[in-house]
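>>> The amino acid sequence is not available; the structure is as follows:
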């Protein structure tokens, strides 16, 4: 990448509430914000926990963005507004060519399952059939004149959106790229993970030896990327830089990651090479760490292979123990965490981990309350069903 | 550097080859669907009879019939088109960029219905993972061992053309040696709710294998979100940027943009306006894949000797005004 795009602003919506501040506060305090599902009836299910926005946050959302049948569309717009304002950009008059790159897993489809009630599906709208409706609210509140792209490669969606936005800036197609992801808690996803026996009965416990599964969650994460020259021209102070990104496909199985973690190793290694960095430069890995039996051990071993060696164990933690698995927004929220780690010089811990999995002996699983210190480079890998893997490497603004 | 077309695969109701696709779109006859009944159990959606266009059953894709039978129909069609595009080639690092607005929608509806009517936990563990948009891209990547970047795009008609733009950028950035850029669609009661009334919802799959060397190239021109007053400027800008004046325009435009686009093309003038192909009406409405369908029609025009074209402009515009323009060229001069 010729000139690394800068991160000009961040925004977040998650079960901790509205705003990147609420998200970061929950992450650094190690306070899980998942809990009993209230939006739909889970009384007959073997587990009943997930992540959902509290009622107060949903009410607050009404004052921020217009109503829409899709909560994901509203989350995305709210996070985008926050990120643009954080960047010092007027969403209505950005003054530069601006594009949108949004990641999702289910997009507007949960509009369909929200009608599940007493054995009858009351389908009152048709938004679910048009995936472009995910951007309805954002387009109402942000004057977008560049491309609007929705990417849906599974749970790597948020990073994939950041990668597309970074490439669009590098190619000179846009000056500003609103990049992120959004998904809302879906009964369908809850039923699916139940059928796969993939849900935790209490909390998501990434990298724990006794982890029992993940918890679906909801929200949105947005980073506003900008060409360095554009940021300099308007006197903006960047928060961080996107040093590089790399994507890969496992080409292996619809729901199982490759046992050798080849995708993670390949993308992390490629990111380092593209950015001209070494493994020792990586101060924190904001891991995918979904808490499932299948993937955490593979990820831990792969990160050790890509970043360890010579007695070095890369510091690793996952924010999913706090906010759950926000699917298409997961990597985007992790990007917000990466940027905050760089600006606050602080590495969050793994608050729900009790006993580290032996598979993770090659990585340094950060304990609570986290670790203050010099944070110059953060790697954020992501992957999911379908085998798409995407890693983004973030660097300090002065890097 | 232009992206060259190295291979193509077509599985459409109207065409099983590029030549048939070109014939279909250049004749300009509106597609006639066959009425089918659709229902959505346990919902308040009425049972309807609607004309739709189906594909012939996908043939075995590279001898993978046994494994393919377990895939949803859209993924099977995608794999069949991909097998044709890849042929016997074994390129090094191949990326996959796929556009679909319908992949997984029927499965999503099925899981919703099962969750509402069965005991919790009785939802099939095979159906849920197929209920997202990325099923076809994942199936193609897995079936053919494509380990390059894997991307799924969704949205309106423009998404299929966006897939080509992103695929071309992957090649430009050196992220892979080849990219399989494709799109697909299926028809279900859930999709028909949002279908445009003057097009025939179709199922099918189509793809291009892009590389660095070939006689037909597809080059992104510009993309952006338009309001109607800016459309003429957008079209004029595309025509000015083209390597050669177009001999035809392949259109994939949502209903409300059709008349404004024709007005903008008329205002721009030129011979191309004599040959404007509205592919969503002649070859079928493939949702997000329709933009790519227009690109394949252009590739057919420039690559099939009998068509004899050397420059075609492709315009894809979704309902919300997101527009993508691509030029397709053959090396021969007009």
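Yep, it's here. Here the structure is a predicted model, which is why all the values come from computation and not from measurement.
>>> all helices of chain A, in order?
For chain A, the helices defined by DSSP state H cover A:20-29, A:55-62, A:71-86, A:110-113, A:136-141, A:157-170, A:187-195, A:228-233, A:262-275, A:293-307, A:320-323, A:330-344.
>>> List just the one of those that sits closest to residue B:217.
Of all the helices of chain A, helix A:157-170 sits nearest to residue B:217, with 20.0 Å by Cβ to Cβ. (Each C-beta comes from the backbone N, C-alpha and C, glycine too.)
>>> ok, is that closest one in contact with chain B or not?
Yes. Contact between helix A:157-170 and chain B, assessed by Cβ under 8 Å from any Cβ of the partner chain, occurs at A:160, A:164, A:167, A:170.
>>> Surely the second one touches residue A:101?
Yes. Contact between residue A:164 and residue A:101 holds when scored by Cβ atoms under 8 Å: they sit 4.6 Å apart.
>>> In the stretch 151-300 of chain A, which residue sits closest to chain B?
residue A:192 (2.8 Å; Cβ to the nearest Cβ).
>>> Compute the number of surrounding residues for that residue.
Number of residues near residue A:192 (other Cβ atoms under 10 Å in any protein chain shown) recorded here: 27.
>>> try residue A:308
17.
>>> list the contacts for it?
Going by Cβ atoms under 8 Å, 6 or more residues apart in numbering or on different chains, residue A:308 touches A:279, A:314, A:362, A:363.
>>> out of those, which is most surrounded?
Neighbour counts for the contacts of residue A:308 (other Cβ under 10 Å) peak at residue A:363, which has 24 neighbours.
>>> got the contacts of residue A:308 as CSV, with distance to chain B and pLDDT columns?
Shown next, in CSV, are the contacts of residue A:308 (distance: Cβ to the nearest Cβ, whole Å; pLDDT from 0 to 100):
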residue, distance to chain B, pLDDT
A:279, 21, 97
A:314, 24, 98
A:362, 24, 97
A:363, 24, 98
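>>> Could you point out which of the residues you listed is nearest to residue B:27?
Of all the contacts of residue A:308, residue A:279 has the smallest distance to residue B:27: 59.5 Å, by Cβ to Cβ.
>>> Once you drop chain neighbours, what's closest to the closest one?
Closest residue to residue A:279 apart from its sequence neighbours, by Cβ to Cβ, 6 or more residues apart in numbering or on different chains: residue A:307 at 4.4 Å.
>>> so how far is residue A:313 from that neighbour?
Distance from residue A:307 to residue A:313, counting by Cβ to Cβ, to the nearest Å: 9 Å.
>>> Low-confidence ranges, the stretch 101-250 of chain A, go.
Residues of the stretch 101-250 of chain A meeting the criterion pLDDT under 70: A:116-119.
>>> where exactly do the strands run in it?
For the stretch 101-250 of chain A, strands defined by DSSP state E, counting those that start in this stretch occupy the ranges A:116-117, A:120-121, A:148-151, A:176-183, A:219-226, A:240-249.
>>> can you check the stretch 201-334 of chain B too?
For the stretch 201-334 of chain B, the strands defined by DSSP E, counting those that start in this stretch cover B:204-211, B:216-225, B:248-253, B:276-278, B:311-317, B:322-330.
>>> rank those by mean pLDDT and give me the bottom one.
If you rank these by mean pLDDT, strand B:276-278 sits at the bottom with a mean of 92.
>>> Point out the other helices and strands that that strand packs with.
strand B:248-253, helix B:255-268 (3 or more Cβ pairs under 8 Å, 6 or more residues apart in numbering or on different chains; DSSP states H and E).
>>> outside of the shortest one, which residues touch it?
For strand B:248-253, the surrounding residues in contact (Cβ under 8 Å, 6+ apart) are B:25-26, B:157, B:160-161, B:258, B:261, B:265, B:272-273, B:275-280, B:290-291, B:293-295, B:297-298, B:301, B:309, B:312-317, B:328.
>>> buried sites along stretch B:177-186?
B:178, B:179, B:180, B:181, B:182, B:183, B:184, B:185, B:186 (16 or more other Cβ atoms under 10 Å in any protein chain shown).
>>> And these, which is closest to residue A:350?
residue B:179 (37.7 Å).
>>> tell me the angle the helix or strand hosting the closest one makes with strand B:216-225.
For residue B:179, the element it lies in under DSSP states H and E is strand B:178-185. Relative orientation of strand B:178-185 versus strand B:216-225 (axes from the mean of the first three to the mean of the last three Cα atoms, to 10 degrees): 60 degrees.
>>> Now do strand B:178-185: which elements does it pack against?
strand B:3-11, helix B:73-86, strand B:94-99, helix B:135-144, helix B:158-172, strand B:204-211, helix B:290-303.
>>> switch the cut-off to 7 Å
helix B:73-86, strand B:94-99, helix B:158-172, strand B:204-211 (3 or more Cβ pairs under 7 Å, 6 or more residues apart in numbering or on different chains; DSSP states H and E).
>>> Please identify which of these is closest to residue B:139.
Of these, nearest to residue B:139 by Cβ to Cβ is helix B:73-86, at 3.8 Å.
>>> Can the closest one be said to contact chain A?
No. Contact of helix B:73-86 with chain A (Cβ under 7 Å from any Cβ of the partner chain) is absent, the minimum separation being 9.6 Å.
>>> what's in contact with that helix?
Around helix B:73-86, the neighbours that count as contacts under Cβ atoms under 7 Å, 6 or more residues apart in numbering or on different chains are B:7-11, B:55, B:58-59, B:61-62, B:64, B:68, B:71, B:98, B:100, B:102-103, B:135-136, B:139-140, B:143-144, B:180, B:182, B:184-186, B:203-209.
>>> on that earlier part again, which one of the strands of the stretch 201-334 of chain B lies nearest to residue A:342?
With Cβ to Cβ as the criterion, residue A:342 lies closest to strand B:216-225 of the strands of the stretch 201-334 of chain B, at 31.4 Å.
>>> List the pairing partners of the closest one within its sheet, with orientation.
Strands that pair with strand B:216-225, judged by DSSP bridges, come out as strand B:3-11 (antiparallel), strand B:322-330 (antiparallel).
>>> Mean neighbour count added to the ones you listed, as TSV?
Converted to TSV, the strands paired with strand B:216-225 look like this (neighbours: other Cβ atoms under 10 Å in any protein chain shown):
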stretch	mean neighbour count
strand B:3-11	24
strand B:322-330	26
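>>> is it possible to export those to JSON lines including distance to residue A:137?
JSON lines is the format used below for those (distance: least, Cβ to Cβ, whole Å):
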{"stretch": "strand B:3-11", "distance to residue A:137": "34"}
{"stretch": "strand B:322-330", "distance to residue A:137": "15"}
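>>> mind checking which of those is nearest residue B:128?
Proximity to residue B:128, assessed across the strands paired with strand B:216-225 by Cβ to Cβ, is greatest for strand B:3-11 (26.0 Å).
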